[in-house]
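> give the three-dimensional model of this entry:
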Amino acid sequence: MSAKLTPKDFATSQEVRWCPGCGDYAILKAVQKALAEVGADPANTAFISGIGCASRFPYYVETYGFHTIHGRAPSIATGLKLANPDLDVWVVTGDGDGLSIGGNHLVHALRRNIGLKILLFNNEIYGLTKGQYSPTSRAGTTSPSSPRGSVVAPISPGQFALGCGARFFARGVDTDKAGMASVLQEAHAFTGASLVEIFQNCIVYNEDVFTDFTDRKNAAETQLHLQHGQPMLFGENNSKGIRFNPDTWSLEVIDATASPDEVLVHNERNAAVARMLIDLQGPVALGVIYRDPAESFEAAFYAQHPTGMRRTQSVRDIIRGPSSWTVD
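The predicted structure follows:
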């Protein structure tokens, strides 16, 4: 590419068909902004999605894209990344698509550390199929499938990711476009599998479920924006901090002005603290929570593959060429 692209260059001519006011609009704008800022090449970029409101994403980004089947986007994206490791492959999924029918596929994409940038839109509800409770819905959620309130404990996408052996987990929120664009750039730069949970408001079936920490009037007091190597500060004028309490083996809020030396410094490679940050409720941790690079699956695969990093040009070449093995 000769000229630097702008966010508008990543917008398609397709009519964006989400409910007016849906948080997906803000996420789309943040993704287009991030693609422009990292200098993404549309001819070298692909968005793969499953089924759900979020999965309309490939229609609205001026890159290659594939709207696949329910829950299987990680598997199809894995095949694409292995076919051409030079591609930037993004997966767009939701809490239902990714963690219910697609949970098994997401497990293996994360544990393999395949070089996918996975965006999980979490609105704690099934939006496309009219408001049933989802794997991330809180206990007590009333819906068409739980009229008296859900009795099921929700899945934590972050704990799920770390339990699968993910090497990168981050969070964003649809009301913070600048912060989300920054997180997306970090996810793009990561070599292996990067999972970004994005809190997204469904105005029809689960409106304001995240208001306790997304309301801009209270955001300074309810959001902890993490930066590697920086103290965990929040609140007006960064007057509050996060401390590790060894007696309860948990994180707690302290007066940072009174005890500045006790404030934890964020270390992205500390998996134990990352798990605590994921469960932290007041404030909610945002940004890159865990990042610990390791060899990607595609690099390891091609290192012991007969063709090295050479890709064949046709199905016939793949079947009859050196990419196949003969087993005696």
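> wait, what's in contact with residue 220?
By C-beta atoms under 8 Å, 6 or more residues apart in numbering, the contact list for residue 220 reads 234-236. C-betas here are computed from N, CA, C, even on glycine.
> the nearest residue to residue 112 once chain neighbours are set aside: neighbour count?
Distance criterion C-beta to C-beta, 6 or more residues apart in numbering; nearest residue to residue 112, sequence neighbours excluded, is residue 297 at 4.1 Å. Residues lying near residue 297 (other C-beta atoms under 10 Å) number 22.
> could you do residue 70 as well?
So residue 70, with other C-beta under 10 Å, has 14 neighbours.
> so the nearest residue to it once chain neighbours are set aside: helix, strand or coil?
The shortest distance from residue 70 to any non-neighbouring residue, by C-beta to C-beta, 6+ apart, is to residue 51 (4.1 Å). Classification of residue 51 using DSSP: H, G, I helix; E, B strand; the rest coil returns coil.
> for residue 51, give its distance to residue 273.
35 Å (C-beta to C-beta, to the nearest Å).
> between these two, which is the more surrounded one?
Shown here are residue 51 and residue 273; by other C-beta under 10 Å, residue 51 has more neighbours (22 against 19).
> phi, psi of that one?
phi -130, psi 140 (degrees, to the nearest 10).
> so who does it touch?
Contacts of residue 51 were listed using C-beta under 8 Å, 6+ apart, and they are 69-71, 97, 128.
> so which of these is the closest to residue 122?
Residue 122 lies nearest to residue 97 out of the contacts of residue 51, by C-beta to C-beta, at 11.0 Å.
> so what's that closest one up against?
Residues counted as contacts of residue 97 (C-beta under 8 Å, 6+ apart) are 50-52, 54-55, 70-71, 73.
> thinking again about what came up before, which among the contacts of residue 220 count as buried?
The neighbour-count criterion (16 or more other C-beta atoms under 10 Å) marks 234-235 among the contacts of residue 220 as buried.
> show me which of the contacts of residue 220 is closest to residue 263.
residue 234 (10.3 Å).
> tell me what that closest one is bridged to.
For residue 234, the beta-bridge partners under DSSP bridges are residue 240.
> surely it and residue 227 touch.
No - using C-beta atoms under 8 Å as the test, residue 234 is too far from residue 227 to be in contact (11.7 Å).
> only whichever of the contacts of residue 97 are buried, select them in ChimeraX.
Per 16+ other C-beta under 10 Å, the buried members of the contacts of residue 97 correspond to this ChimeraX selection:
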select :50,51,52,54,55,71,73
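> redo the contacts of residue 97 as a markdown table? Include distance to residue 35 and pLDDT.
Compiled in a markdown table, the contacts of residue 97 are given as follows (distance: C-beta to C-beta, whole Å; pLDDT from 0 to 100):
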| residue | distance to residue 35 | pLDDT |
| --- | --- | --- |
| 50 | 21 | 95 |
| 51 | 23 | 94 |
| 52 | 21 | 93 |
| 54 | 17 | 92 |
| 55 | 18 | 92 |
| 70 | 26 | 92 |
| 71 | 25 | 91 |
| 73 | 18 | 96 |
